[in-house]
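**Student:** Sequence first, then the predicted structure:
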Amino acid sequence: MKFELQHTDTQTKARAGLITTDHGTIETPIFMPVGTQGSVKAVHIPELRDDIRAQIILGNTYHLYLRPGLEILEQVGGLHKFNGWERPILTDSGGFQVFSLSDNRKLHEEGAEFRSHIDGSKHLFTPEKVMDIERIIGADIIMAFDECCPGDADYEYAKKSLGLTERWLDRCVKRFHETEPKYGYAQSLFPIVQGCVYPDLRIRAAEYVASKGADGNAIGGLAVGEPTEKMYEMIELVNGILPEDKPRYLMGVGTPINLLEAIERGVDMFDCIMPTRNGRNGQLFTPYGTMNMRNKKWESDFSPIDEQGPSFVDRIYSKAYLHHLIKANEILGLQIASIHNLAFYLWLVGEARRHILAGDFATWKSRMVRQLDNRL
């Protein structure tokens with residue numbers, strides 16, 4: 001993997017760059033639709049590729065390990081072949097999913113024991129096993145196995161958790177270098193900066209991660225219950241340490257405003273379930289604010305969803321029709337809302353990139369944040 005930093009904004013730390021993988025080039029800043037189980041919910045691959053214009057999507061190690069399972073994925077030649085997505089893929093390590101199973105898992109030095117949420121069967125994820133699983137899934141970018149510390153954890157817990165994450169990272173790196181990609185193209189391992197909301201732990205974690213010399217680096221454990229301003233503070237602190245010549249990936253964040261604030265602080269890559277999850281609940285994100293399509297006010301509004309919108313669904317379907325579909329729990333409504341929201345997120349980061357390159361990002365971002373905060 002290669003990263004080319006093309007331009008850094010003079011007024012902020014916002015960056016525009018290019019990530020080159022064996023499955024294609026990614027323009028940053030970039031948003032990555034979440035395809036947890038090998039599928040971005042309610043969205044076909046052609047829509048992802050041609051209308052939403054996604055450049056990279058995510059898969060999840062925990063879910064793909066359980067279903068369809070490693071045997072199927074290895075037989076077919078990896079996730080790209082299985083789901084038909086020919087562009088880059090990133091897999092998270094499953095750490096967040098394992099640790100969210102707080103009633104069904106045990107954590108120790110060796111790894112994390114957990115019970116499947118599907119059938120209750122017992123499993124053990126170690127750093128070495130996670131590296132092997134991610135080799136079999138075959139994503140272009142794979143994440144180290146870490147403990148995702150809760151946002152409200154006390155200092156002692158956060159410190160102990162970070163120590164475990166660092167020791168697991170060492171084992172991930174060792175296993176990664178002991179093994180080879182399975183399907184004839186390169187894979188890159190990204191370490192994850194943890195440390196909760198404690199500046200000294202975040203500094204320590206960022207320095208440790210930076211010392212690994214990885215192709216890129218991730219920031220985890222944010223947007224998990226801590227105040228928003230504290231999240232921005234941690235991003236700024238960490239990005240002051242992580243190398244400038246490597247992409248920075250903020251995991252699981254967030255709202256459109258979160259994305260712009262993080263871009264301003266030097267983040268290059270994002271993922272979040274919000275566009276599809278909120279879309280399935282009838283919420284649309286637009287450049288002018290959010291729309292709740294369940295509200296009666298849209299019942300007889302026959303104007304397009306967004307006449308200037310980036311997706312074909314914005315121009316084909318009316319607000320009244322989408323309101324009807326959502327209220328009637330029609331699957332098409334969930335699909336339209338998901339496509340709209342993902343296309344908007346990709347448009348937003350694309351516009352951020354354009355304004356970074358043009359040199360007026362700060363002015364544009366300030367105006368966009370005001371607009372995005374509206375409820376329509």
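**Tutor:** Thanks, I have the structure now.
**Student:** Show the subsequent helix or strand relative to the lowest-mean-pLDDT helix or strand in the chain.
**Tutor:** Counting by mean pLDDT, DSSP states H and E, the weakest-scoring helix or strand in the chain turns out to be helix 95-100, with a mean of 75. For helix 95-100, the following helix or strand on the C-terminal side (DSSP states H and E) is strand 105-107.
**Student:** elements contacting that following strand?
**Tutor:** If you count contacts as 3 or more Cβ pairs under 8 Å, 6 or more residues apart in numbering; DSSP states H and E, strand 105-107 packs onto helix 95-100, strand 112-115. C-betas here are computed from N, CA, C, even on glycine.
**Student:** Which stretches in the stretch 251-376 of the chain count as helices?
**Tutor:** With helices called from DSSP state H, counting those that start in this stretch, the stretch 251-376 of the chain shows them at 256-264, 274-280, 312-316, 319-327, 331-358, 361-372.
**Student:** what's the second one in contact with?
**Tutor:** Spelled out, that is helix 274-280. Outside of helix 274-280, the residues within contact range by Cβ atoms under 8 Å, 6 or more residues apart in numbering are 33-34, 40-43, 254-255, 285, 334, 337-338, 340-342, 344-345.
**Student:** ok so, going back, would you convert the helices and strands packed on strand 105-107 into JSON lines that also reports mean neighbour count?
**Tutor:** Putting these into JSON lines (neighbours: other Cβ atoms under 10 Å) gives the following:
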{"stretch": "helix 95-100", "mean neighbour count": "21"}
{"stretch": "strand 112-115", "mean neighbour count": "19"}
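**Student:** Of the ones you listed, give the one that comes closest to residue 184.
**Tutor:** helix 95-100 (27.6 Å; Cβ to Cβ).
**Student:** quick one, which of the helices of the stretch 251-376 of the chain is nearest to residue 291?
**Tutor:** For these, the distance to residue 291 is smallest for helix 319-327, at 7.8 Å, taking Cβ to Cβ.
**Student:** Just the mean pLDDT for that closest one, thanks.
**Tutor:** Within the predicted structure, the mean pLDDT of helix 319-327 is 98.
**Student:** And stretch 164-179, by the same measure?
**Tutor:** Computed over stretch 164-179, the average pLDDT equals 98.
**Student:** List the buried residues in that stretch.
**Tutor:** Judged by neighbour count using 16 or more other Cβ atoms under 10 Å, the buried positions of stretch 164-179 are 164-166, 168-169, 171-173, 175-176.
**Student:** Any chance of JSON lines for those, columns secondary structure?
**Tutor:** Formatted as JSON lines, the buried residues of stretch 164-179 follow (DSSP: H, G, I helix; E, B strand; the rest coil):
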{"residue": "164", "secondary structure": "helix"}
{"residue": "165", "secondary structure": "helix"}
{"residue": "166", "secondary structure": "helix"}
{"residue": "168", "secondary structure": "helix"}
{"residue": "169", "secondary structure": "helix"}
{"residue": "171", "secondary structure": "helix"}
{"residue": "172", "secondary structure": "helix"}
{"residue": "173", "secondary structure": "helix"}
{"residue": "175", "secondary structure": "helix"}
{"residue": "176", "secondary structure": "helix"}
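**Student:** ok, now which ones touch the residue of the chain most remote from its centre?
**Tutor:** Taking Cα atoms, centre = their mean, the residue of the chain most remote from its mean C-alpha position is residue 300, at 36.0 Å. By Cβ under 8 Å, 6+ apart, residue 300 lies in contact with residue 320.
**Student:** same thing with residue 65?
**Tutor:** The contact partners of residue 65, taken as Cβ under 8 Å, 6+ apart, are 94, 123, 133.
**Student:** Could you do residue 365 as well?
**Tutor:** By Cβ under 8 Å, 6+ apart, the contact list for residue 365 reads 12, 14, 260, 263-264, 352, 355.
**Student:** give me the number of residues near residue 13?
**Tutor:** Neighbour count for residue 13, taken as other Cβ atoms under 10 Å: 16.
**Student:** For it, give me phi and psi.
**Tutor:** phi -100, psi 10 (degrees, to the nearest 10).
**Student:** now the closest residue to it other than its chain neighbours: how far from residue 146?
**Tutor:** Residue nearest to residue 13 in three dimensions, not counting chain neighbours: residue 266, with 3.8 Å by Cβ to Cβ, 6 or more residues apart in numbering. Separation of residue 266 from residue 146 (Cβ to Cβ, to the nearest Å): 21 Å.
**Student:** same question, residue 352
**Tutor:** From residue 352 over to residue 146 (counting by Cβ to Cβ), the distance is 28 Å.
**Student:** who's more crowded, those two?
**Tutor:** In this view residue 352 and residue 146 are compared by other Cβ under 10 Å, and residue 146 has more residues nearby, 30 against 25.
**Student:** residues touching that one, list them.
**Tutor:** Taking Cβ under 8 Å, 6+ apart as the definition of contact, the neighbours of residue 146 are 93, 95, 165, 168-169, 192, 194, 220.
**Student:** Tell me the one of those residues nearest residue 201?
**Tutor:** residue 194 (7.7 Å).
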